[in-house]
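Trainee: Predicted coordinates and the sequence they were generated for:
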Amino acid sequence: MLHIGDIEFNPYIHEHARHWALLLYQLNGPSAVIPLHNADLMSFIRVFDDTTQCQNHINSNSQKLVTLFGYDENMQPWLASNTGIANNLKYMNIFCSSDDWFFVTDWIQNYKEKFGNTVFNINTFEELNHELLSFGVKYLRELRKQFKNDFGVLNLLDQDIREICKTLGNHASQRANIEYQRIRKSEEAQN
């Protein structure tokens, strides 16, 4: 099973992008292993396992627009500190266990007002794989505009987009089939 640690960042393209995608998952002691079944398709994301390094990376690259996917247990102390959020950190997607979703939703409300220039979103571990893939398609399409004159990069981006779209299509088909089977069993039980 693939997980966050299996994401291999491709600096050839994404280091030079104007918009960066980062993921913060610092483990301090026992923690959940978060499966990402399609981590091999997520080379557009740079993974950090240290909060301070992630903060410094964002702060020292202020000309880059940043979307951050962050583990709730790492983001809660970051947001609670007085250091705040860098101006270039425009989108923050916090992921947590489904048991903690309501708690995270409540505490994030305090920061939505304090950091009004940042858009917050909350995902469960179960949704994270799909969210990263969906984000990836939009992100890679935007990168095409930046690299419109570099046909080598465009070919690589197009290949990545096709693979992610194919995977998302397969996931949708699987979910539809599961739902269809559930409905059939329910109908059979009623007859």
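Mentor: Okay, I see it.

Trainee: Count the neighbours of residue 118 for me.
Mentor: By other C-beta atoms under 10 Å, the residues close to residue 118 number 19. Where you see a C-beta, it was placed from the backbone N, CA and C, and this is true even at glycine.

Trainee: er, residue 37 I mean
Mentor: Residues near residue 37, counting by other C-beta under 10 Å, number 15.

Trainee: same thing with the one 10 residues further on?
Mentor: When neighbours are defined as other C-beta under 10 Å, residue 47 has 18 of them.

Trainee: beta partners for it?
Mentor: Taking DSSP bridges as the rule, residue 47 bridges to residue 23.

Trainee: hang on, it packs against residue 7?
Mentor: Yes - counting by C-beta atoms under 8 Å, residue 47 touches residue 7, with 5.1 Å between them.

Trainee: If we go by neighbour counts, what in the lowest-mean-pLDDT helix or strand in the chain is buried?
Mentor: The weakest-scoring helix or strand in the chain, judged by mean pLDDT, DSSP states H and E, is helix 101-114 (a mean of 86). For helix 101-114, the neighbour count (16 or more other C-beta atoms under 10 Å) marks 101, 104, 108, 111 as buried.

Trainee: Over to stretch 121-134?
Mentor: So, applying 16+ other C-beta under 10 Å, buried residues of stretch 121-134: 122, 123, 124, 125, 128, 129, 130, 132, 133.

Trainee: and the third one, what is it in contact with?
Mentor: The neighbourhood of residue 124, defined by C-beta atoms under 8 Å, 6 or more residues apart in numbering, consists of 95, 96, 97, 98, 101.

Trainee: again with the second one
Mentor: Taking C-beta under 8 Å, 6+ apart as the criterion, residue 123 is in contact with 93, 94, 95, 96, 131.

Trainee: Please, which helix or strand holds it?
Mentor: Secondary structure from DSSP states H and E places residue 123 in strand 119-124.

Trainee: tell me the angle that strand makes with helix 101-114.
Mentor: 170 degrees (axes from the mean of the first three to the mean of the last three C-alpha atoms, to 10 degrees).

Trainee: Now the element after strand 119-124, going C-ward?
Mentor: Later in the chain than strand 119-124, the nearest helix or strand by DSSP H and E is helix 125-146.

Trainee: roughly how far apart are the closest residue to residue 96 other than its chain neighbours and residue 57?
Mentor: Setting aside the residues directly before and after it, residue 96 is nearest to residue 72 in space (C-beta to C-beta, 6 or more residues apart in numbering), at 3.9 Å. Residue 72 sits 20 Å away from residue 57, taking C-beta to C-beta, to the nearest Å as the criterion.
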